[in-house]
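1. Sequence and predicted structure below; questions after.
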Amino acid sequence: MPVAPGTTLAALQRMPLLDPVDQRILVCHALGISRTALITQSDRALTEDEAARISALLQRRLDGEPVAYLVGKREFYGLDFVVGPGVLIPRPETELLVELALERLPPRGRVLDMGTGSCAIAVAIAHARPDAHVTALDVSHDALAIARRNAELNSVTVRCLHSDWFTAIAGETFDLIVSNPPYIAAGDRHLSEGDLRFEPAGALTDHADGLSALRAIVAGAPSHLAPQGWLLMEHGYDQSAAVQALLAARSYTAVQSWHDLAGIARVTGGRRESQG
Ligand code: GLN
């Protein structure tokens, strides 16, 4: 899809090559200019080099690559995060998990984010609550490199650990455990659609029934939760009853689910009992 050299920014904006918002973001990124500059410099004509850069970027989007990976960042909870193909792109529905966590976090509380990916959840909590002690873990070294960068970029302290679920935190307890684990079942058609085709499979699917990561977290969390501590997990649109059953079977109390802005039961949680 060649954009011709000499095309003005105004003319380019009128060309319906992509979704208009995606197109605007990618053009700004290719030229290294702001959204405002796109308007104030509407008469600017593209050089050969700029036209080639824009054409290449728009073509990658047409071939399906997520905008967040093409520009290398995504906003979450009002903060900027670096993202790349090694981590899941933060989703707006995950902000619900952050809100629920912040409501339940005691002063100077200890928080654990399991399968942190870009560190979006952990960084958002640490940013909102500088008194909290936040630990984030992931089994992927690629993800941890991005996670550490995001903590630094947002000027927060998050202890980022390489860990296969609970292995690196033996003997430690937390007031709150949160997770947005891989919960899409193997073979689910969503895995071969849209942005998900480009995201790390290990962050999306458990390669099984969709519940195995949630099961591992529910089983392991009680020995890492302070009495009355909360476990909060994001899950798929049709998994709230199954996750509630997992929690109830392990004698968590106050088991419940919360709806995201689309009205979907998206987060389920429970509390460790005072004893045992
Ligand atoms: N919410 C993501 C999606 O369905 C999946 C995230 C996950 O598996 N944790 O696009």
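-> Cool, the structure landed.
2. near the ligand, which residues of the stretch 151-276 of the chain show up?
-> 180-184, 196, 204 (CB under 6 Å from any ligand atom). Bear in mind the C-beta positions are built from the backbone N, C-alpha and C, glycine included.
3. Filter those down to just the ones in helices.
-> Judged by DSSP state H, the subset of these located in helices is residue 204.
4. give the contact list for residue 98.
-> Taking CB atoms under 8 Å, 6 or more residues apart in numbering, we find residue 98 in contact with 77, 121, 124-125, 128.
5. let's see 10 Å
-> Neighbouring residues of residue 98 by CB atoms under 10 Å, 6 or more residues apart in numbering: 76-77, 113, 120-125, 127-128, 178, 232.
6. if we can go back for a sec, wait, which of the residues of the stretch 151-276 of the chain next to the ligand is closest to residue 69?
-> Using CB to CB, residue 196 comes nearest to residue 69 of these, at 12.1 Å.
7. can you pull the contacts of the closest one?
-> For residue 196, the contact set (CB under 10 Å, 6+ apart) comprises 66, 88-89, 184, 188-190, 203-205.
8. of all the residues of the stretch 151-276 of the chain next to the ligand, which two lie farthest apart?
-> Farthest-apart pair in those is 181 and 196; separation 15.3 Å (CB to CB).
9. Quick check: residue 128 touching residue 109?
-> No: using CB atoms under 10 Å, residue 128 is not in contact with residue 109; the gap is 11.8 Å.
10. what is in contact with those two at once?
-> Common neighbours of residue 128 and residue 109 (criterion: CB under 10 Å, 6+ apart): 101-102.
11. Look at these two and report which has more neighbours.
-> residue 109 (21 against 17; other CB atoms under 10 Å).
12. Around residue 48, count how many other residues there are.
-> For residue 48, the count of nearby residues is 10 (other CB under 10 Å).
13. So what's the residue count around the residue nearest to it when sequence neighbours are not counted?
-> Of all residues beyond its chain neighbours, the one nearest residue 48 is residue 5 (4.3 Å), with distances taken as CB to CB, 6 or more residues apart in numbering. By other CB under 10 Å, the residues close to residue 5 number 13.
14. do the same with residue 83
-> 24.
15. May I have the residues that are in contact with it?
-> With contact set as CB under 10 Å, 6+ apart, residue 83 has these partners: 66, 68-69, 71-74, 76, 89-90, 117-118, 120, 146, 150, 199.
16. Go again with 7 Å.
-> By CB atoms under 7 Å, 6 or more residues apart in numbering, the residues touching residue 83 are 68-69, 72-74, 89, 118.
17. Quick one, which of those residues are buried?
-> Those of these that meet the buried threshold are 68-69, 73-74, 89, 118, by 16 or more other CB atoms under 10 Å.
18. before we move on, back to that, now do the same contact list for the residue nearest to residue 48.
-> Each residue near residue 5 by CB under 7 Å, 6+ apart is listed here: 46-48, 51.
19. so which of those is the most crowded?
-> Using other CB under 10 Å as the neighbour criterion, residue 46 leads those with 23 neighbours.
20. Find the nearest non-adjacent residue to that residue, please.
-> Computed as CB to CB, 6+ apart, the closest residue to residue 46 that is not its neighbour in sequence is residue 7, at 5.1 Å.
21. Having no further points to raise, I will conclude here.
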